[in-house]
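Asker: With the input below, show me the fold.
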Amino acid sequence: MAYKASATRQVHFTSKGGGYSAIWMSSRGDLYQEYLTTGGATTYYPDISSSASVTMYLTVTSARTQGVVVPSAVRYFANGTELTFNVSGACTTAGMSNIFKRDASGNLVIIGNLGNVVLGSFLLEAIVSVSATTGTDSLHVSAPVTLVPYTGDSAKVTIAPGDTKNFTISEKGGSCILKALTLKGGKEVSSGLVYEWYKFSAGAFVKLSAANQTLTVKESDVDTYSLFKVIVKENGTEIGYDIQGVLDASDPYDIIMSSGLNPGTSGASTTSTNDLTLTDEMADAAYLEFTCQFVKRGQTASVAGTQTYTFTVVAGNGLKMWNPATISGNKCRISVKDFKDYGFGLGDYEIIAEGTLTPA
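Answerer: Presented below is the predicted three-dimensional model:
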């Protein structure tokens with residue numbers, strides 16, 4: 001009998017030792033607003049306020065423990081500025097008190113328009129402390145914020161949680177719901193739209209039979225981590241799409257995916273790193289190397305048996321990029337030259353490892 005699992009790494013998601021995975025997502029999916037300035041006053045679409053707030057939900061899982069990990073501490077940042085809060089959860093950072101607060105569960109809540117942080121795209125970031133047997137590890141996760149001028153007819157599609165599970169399945173036989181939201185003219189619309197859902201499998205997105213605004217993902221549909229995509233059409237024309245990962249914290253097997261960086265200089269060696277960033281200022285030969293191993297959840301020793309892997313690089317918009325070189329079966333490398341050769345710019349990319357284990 002063969003077992004399957006998947007793992008992923010993102011440019012803005014780093015994990016110590018490769019043993020942690022995280023989803024940090026808002027209750028409205030992607031953080032996206034349009035703005036219109038008239039007579040010195042700026043209007044935002046959709047408008048965010050204390051009565052129409054957006055909550056950022058964080059879910060952390062570990063290959064070292066069973067199920068979801070409860071962080072010991074979380075620090076939040078907006079456009080590089082750390083946010084501080086008093087005991088009641090009110091934000092005490094200068095200029096941010098009417099934009100953010102912290103709820104009783106420790107979640108970051110957005111209560112004001114994000115253009116009041118900076119009128120342009122930026123990152124919300126969280127540094128998460130998680131206790132480990134060797135001490136305290138830290139996990140860095142981020143959520144891109146996109147602000148664009150209002151046009152009145154552009155469409156934005158995002159996948160939001162359709163329940164309170166934040167794209168995480170935590171028990172055998174469980175499920176979670178994905179919901180496609182479409183913003184057009186600054187308002188949510190659903191009438192007259194057609195939905196196509198896809199699951200990433202064997203290096204490509206495969207179309208599912210589901211055609212509703214929501215998709216129920218069962219525990220049996222996910223091999224530890226699976227990526228889903230929705231395409232929204234109106235009058236037969238695609239108007240937008242989005243991708244979203246689903247974590248299965250109930251799987252008995254997981255993949256630990258560690259990472260290393262080689263700067264590409266003559267004679268340089270590969271050293272362990274938590275910074276999964278390549279830049280166009282590095283040497284073409286500079287590369288990130290990812291090493292995978294199957295483990296039983298709650299353990300760190302590699303499982304006995306035959307392990308095979310396929311690796312795929314996927315852009316943030318869900319388009320498949322390329323299959324990086326596989327080294328020694330359980331490793332792959334992605335270089336600066338790869339990005340240049342394939343003509344793709346800097347941005348967010350997912351490195352997806354799909355593994356199969358045949359026990360000894």
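Asker: Every contact and neighbour count from this point should use C-alpha atoms.
Answerer: Noted.
Asker: Strands of the stretch 1-150 of the chain, residue ranges please.
Answerer: Remark: strands assigned in the stretch 1-150 of the chain by DSSP state E, counting those that start in this stretch are 3-10, 14-15, 20-26, 31-38, 41-45, 54-62, 68-69, 73-78, 81-83, 100-102, 108-110, 122-132, 135-149.
Asker: closest to residue 303 out of those strands?
Answerer: strand 3-10 (11.2 Å; Cα to Cα).
Asker: Can you give me the end-to-end span of stretch 256-275?
Answerer: From the first residue to the last, stretch 256-275 extends over 17 Å; the measure is Cα to Cα, to the nearest Å.
Asker: most tightly surrounded among the strands of the stretch 1-150 of the chain?
Answerer: Neighbour counts (mean count of other Cα atoms under 10 Å) averaged over each of the strands of the stretch 1-150 of the chain peak at strand 100-102, with a mean of 26.
Asker: which residues sit against that one?
Answerer: With contact meaning Cα atoms under 8 Å, 6 or more residues apart in numbering, strand 100-102 is reached by 85, 89-91, 108-112.
Asker: Now tabulate the strands of the stretch 1-150 of the chain in TSV and tack on mean pLDDT and distance to residue 166.
Answerer: Shown next, in TSV, are the strands of the stretch 1-150 of the chain (pLDDT from 0 to 100; distance: least, Cα to Cα, whole Å):
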stretch	mean pLDDT	distance to residue 166
strand 3-10	54	17
strand 14-15	34	19
strand 20-26	83	7
strand 31-38	92	15
strand 41-45	93	24
strand 54-62	89	7
strand 68-69	78	12
strand 73-78	94	17
strand 81-83	96	23
strand 100-102	98	18
strand 108-110	98	14
strand 122-132	83	16
strand 135-149	80	14
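Asker: which stretch among these comes nearest residue 251?
Answerer: So among the strands of the stretch 1-150 of the chain, strand 3-10 is nearest, using Cα to Cα, at 8.5 Å.
Asker: tally of neighbours for residue 86?
Answerer: If you count neighbours by other Cα atoms under 10 Å, residue 86 ends up with 11.
Asker: Hmm, I typed the wrong one, I wanted residue 326.
Answerer: By the measure other Cα under 10 Å, the count of residues near residue 326 is 16.
Asker: any idea how far it is from residue 189?
Answerer: In this view, residue 326 and residue 189 are 44 Å apart by Cα to Cα.
Asker: can you check residue 114 too?
Answerer: Applying Cα to Cα, the value for residue 114 to residue 189 is 22 Å.
Asker: Low-confidence ranges, the stretch 101-250 of the chain, go.
Answerer: Low-confidence segments of the stretch 101-250 of the chain, defined by pLDDT under 70: 131-136.
Asker: Also the stretch 251-360 of the chain?
Answerer: For the stretch 251-360 of the chain, the stretches flagged by pLDDT under 70 are 274, 298, 316-321, 342-347.
Asker: which secondary structure element contains the spatially closest residue to residue 190 that is not a sequence neighbour?
Answerer: Distance criterion Cα to Cα, 6 or more residues apart in numbering; nearest residue to residue 190, sequence neighbours excluded, is residue 182 at 6.8 Å. Take DSSP states H and E as the rule and residue 182 turns out to sit in strand 175-184.
Asker: tally of neighbours for residue 332?
Answerer: Neighbour tally, residue 332, other Cα under 10 Å: 24.
Asker: Direction included, what does the helix or strand harbouring residue 243 pair against?
Answerer: Assigned by DSSP H and E, residue 243 belongs to strand 237-248. Looking at strand 237-248 with DSSP bridges, its partner strands are strand 168-169 (parallel), strand 225-234 (antiparallel).
Asker: mind checking which of those is nearest residue 331?
Answerer: Among the strands paired with strand 237-248, strand 225-234 sits nearest to residue 331 (Cα to Cα), with 18.3 Å.
Asker: Please export the C-alpha coordinates of the strand holding residue 182 as PDB.
Answerer: C-alpha atoms of strand 175-184 as PDB (Å, rounded to 0.1, in the frame of the first residue of the first chain):
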ATOM      1  CA  SER A 175     -13.900  18.800   5.800                       C
ATOM      2  CA  CYS A 176     -13.600  22.500   5.200                       C
ATOM      3  CA  ILE A 177     -15.300  24.900   2.800                       C
ATOM      4  CA  LEU A 178     -13.800  27.200   0.200                       C
ATOM      5  CA  LYS A 179     -15.900  30.100  -1.000                       C
ATOM      6  CA  ALA A 180     -15.300  32.100  -4.200                       C
ATOM      7  CA  LEU A 181     -15.900  35.900  -3.700                       C
ATOM      8  CA  THR A 182     -16.100  38.200  -6.700                       C
ATOM      9  CA  LEU A 183     -15.800  42.000  -6.300                       C
ATOM     10  CA  LYS A 184     -16.900  44.100  -9.100                       C
END
